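> sequence below, structure please.
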Amino acid sequence: MKSVTQNLESLTYQLVSDRVEAALEPGRVLAIIEDTTHKIIGRALNHALEKEISEALDREAYVHGADGRYRNGTRKVSFPWLLGRLTLHKPVLRGATPPSMLLSALRRAGKATAELLAG
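Numbers count the residues shown, from 1 in each chain. Next up, the predicted model:
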(Lines give C-alpha, C1' and ligand atoms only; values in the text may rest on other atoms or scores of the structure.)
Protein backbone atom coordinates (compact mmCIF):
# COMPACT_ATOMS: atom_id res chain seq x y z
CA MET A 1 0.00 0.00 0.00
CA LYS A 2 1.27 3.48 -0.92
CA SER A 3 1.94 6.08 1.71
CA VAL A 4 0.21 9.48 1.69
CA THR A 5 3.39 11.08 0.34
CA GLN A 6 3.61 8.56 -2.48
CA ASN A 7 -0.06 9.08 -3.37
CA LEU A 8 0.42 12.88 -3.41
CA GLU A 9 3.50 12.54 -5.60
CA SER A 10 1.66 10.26 -8.00
CA LEU A 11 -1.38 12.56 -8.16
CA THR A 12 0.79 15.66 -8.60
CA TYR A 13 2.78 13.97 -11.35
CA GLN A 14 -0.40 13.00 -13.19
CA LEU A 15 -1.93 16.51 -12.89
CA VAL A 16 1.23 18.23 -14.09
CA SER A 17 1.66 15.72 -16.89
CA ASP A 18 -1.92 16.25 -18.09
CA ARG A 19 -1.54 20.06 -18.04
CA VAL A 20 1.76 20.01 -19.92
CA GLU A 21 0.33 17.62 -22.51
CA ALA A 22 -2.75 19.85 -22.99
CA ALA A 23 -0.56 22.94 -23.34
CA LEU A 24 1.60 21.26 -25.97
CA GLU A 25 -1.17 20.39 -28.42
CA PRO A 26 0.20 21.04 -31.93
CA GLY A 27 -2.20 23.89 -32.76
CA ARG A 28 -1.61 25.61 -29.45
CA VAL A 29 2.18 25.38 -29.72
CA LEU A 30 2.10 26.92 -33.20
CA ALA A 31 -0.16 29.74 -31.97
CA ILE A 32 2.23 30.49 -29.08
CA ILE A 33 5.24 30.47 -31.42
CA GLU A 34 3.44 32.73 -33.93
CA ASP A 35 2.34 35.21 -31.25
CA THR A 36 5.78 35.34 -29.63
CA THR A 37 7.52 35.72 -32.99
CA HIS A 38 5.21 38.60 -33.96
CA LYS A 39 5.89 40.38 -30.66
CA ILE A 40 9.67 40.01 -30.87
CA ILE A 41 9.84 41.06 -34.52
CA GLY A 42 7.38 43.90 -33.91
CA ARG A 43 9.42 45.31 -31.01
CA ALA A 44 12.65 45.12 -33.00
CA LEU A 45 11.13 46.77 -36.09
CA ASN A 46 9.35 49.48 -34.07
CA HIS A 47 12.70 50.30 -32.45
CA ALA A 48 14.32 50.45 -35.90
CA LEU A 49 11.56 52.82 -37.12
CA GLU A 50 12.14 55.10 -34.12
CA LYS A 51 15.88 55.07 -34.83
CA GLU A 52 15.24 55.85 -38.50
CA ILE A 53 13.12 58.93 -37.69
CA SER A 54 15.64 60.07 -35.06
CA GLU A 55 18.38 59.92 -37.67
CA ALA A 56 16.21 61.79 -40.18
CA LEU A 57 15.58 64.55 -37.61
CA ASP A 58 19.15 64.37 -36.29
CA ARG A 59 17.83 64.25 -32.71
CA GLU A 60 16.26 61.83 -30.24
CA ALA A 61 12.65 61.81 -29.08
CA TYR A 62 11.55 64.66 -26.78
CA VAL A 63 14.36 66.92 -28.03
CA HIS A 64 13.20 70.00 -29.95
CA GLY A 65 15.12 71.22 -32.96
CA ALA A 66 15.35 74.61 -34.62
CA ASP A 67 13.70 73.32 -37.82
CA GLY A 68 10.19 73.30 -36.29
CA ARG A 69 9.53 69.63 -37.14
CA TYR A 70 7.93 67.89 -34.19
CA ARG A 71 7.02 64.28 -33.57
CA ASN A 72 3.29 63.67 -33.51
CA GLY A 73 2.85 60.14 -32.13
CA THR A 74 2.60 57.02 -34.26
CA ARG A 75 0.34 55.55 -36.89
CA LYS A 76 -0.40 51.85 -37.22
CA VAL A 77 0.74 50.27 -40.47
CA SER A 78 0.06 46.66 -41.42
CA PHE A 79 1.35 44.43 -44.20
CA PRO A 80 1.60 40.72 -45.11
CA TRP A 81 4.26 38.76 -43.26
CA LEU A 82 5.40 35.16 -43.02
CA LEU A 83 2.95 34.32 -40.24
CA GLY A 84 -0.04 36.44 -41.23
CA ARG A 85 -0.12 40.24 -41.00
CA LEU A 86 2.42 42.28 -39.07
CA THR A 87 1.30 45.57 -37.52
CA LEU A 88 3.87 48.22 -36.60
CA HIS A 89 3.73 51.71 -35.12
CA LYS A 90 5.27 54.15 -37.59
CA PRO A 91 6.43 57.44 -36.02
CA VAL A 92 4.85 60.49 -37.65
CA LEU A 93 5.79 64.15 -37.69
CA ARG A 94 3.63 67.23 -37.79
CA GLY A 95 3.40 68.31 -41.38
CA ALA A 96 5.17 65.84 -43.64
CA THR A 97 6.79 62.63 -42.43
CA PRO A 98 9.76 61.50 -44.54
CA PRO A 99 9.26 58.14 -46.28
CA SER A 100 10.61 55.14 -44.41
CA MET A 101 13.12 53.01 -46.30
CA LEU A 102 12.62 50.22 -43.77
CA LEU A 103 8.84 50.12 -44.27
CA SER A 104 9.26 50.19 -48.06
CA ALA A 105 11.62 47.21 -47.89
CA LEU A 106 9.27 45.33 -45.52
CA ARG A 107 6.27 45.94 -47.78
CA ARG A 108 8.15 44.66 -50.83
CA ALA A 109 9.33 41.58 -48.94
CA GLY A 110 5.84 40.93 -47.57
CA LYS A 111 4.20 41.21 -50.98
CA ALA A 112 6.80 38.93 -52.55
CA THR A 113 6.30 36.35 -49.79
CA ALA A 114 2.50 36.50 -50.14
CA GLU A 115 2.76 36.04 -53.92
CA LEU A 116 5.16 33.14 -53.47
CA LEU A 117 2.85 31.39 -51.02
CA ALA A 118 -0.25 32.05 -53.14
CA GLY A 119 1.29 30.85 -56.40
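
> in this structure, where's the longest helix?
As far as residue count goes, and with DSSP state H defining each element, the longest helix of the chain is helix 26-57.

> tell me what it is packed against?
Secondary structure elements in contact with helix 26-57, counted by 3 or more CB pairs under 8 Å, 6 or more residues apart in numbering; DSSP states H and E, are strand 71-81, strand 84-93, helix 101-118. From N, CA and C alone the C-beta is placed, and that goes for glycine too.

> dump the ones you listed to CSV, plus mean neighbour count.
CSV is the format used below for the helices and strands packed on helix 26-57 (neighbours: other CB atoms under 10 Å):
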stretch, mean neighbour count
strand 71-81, 14
strand 84-93, 16
helix 101-118, 12
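
> got these as CSV, with distance to residue 13 and mean pLDDT columns?
Shown next, in CSV, are these (distance: least, CB to CB, whole Å; pLDDT from 0 to 100):
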stretch, distance to residue 13, mean pLDDT
strand 71-81, 41, 86
strand 84-93, 37, 88
helix 101-118, 43, 79
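
> a markdown table for the ones you listed, including distance to residue 24?
Formatted as a markdown table, the entries for these read as follows, by distance: least, CB to CB, whole Å:
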| stretch | distance to residue 24 |
| --- | --- |
| strand 71-81 | 25 |
| strand 84-93 | 22 |
| helix 101-118 | 27 |
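
> among those, which is nearest residue 46?
Closest to residue 46 of these is strand 84-93 (CB to CB; 5.4 Å).

> now for the closest one, which elements pack on it?
Using 3+ CB pairs under 8 Å, 6+ apart, the elements in contact with strand 84-93 are helix 26-57, strand 71-81, helix 101-118.
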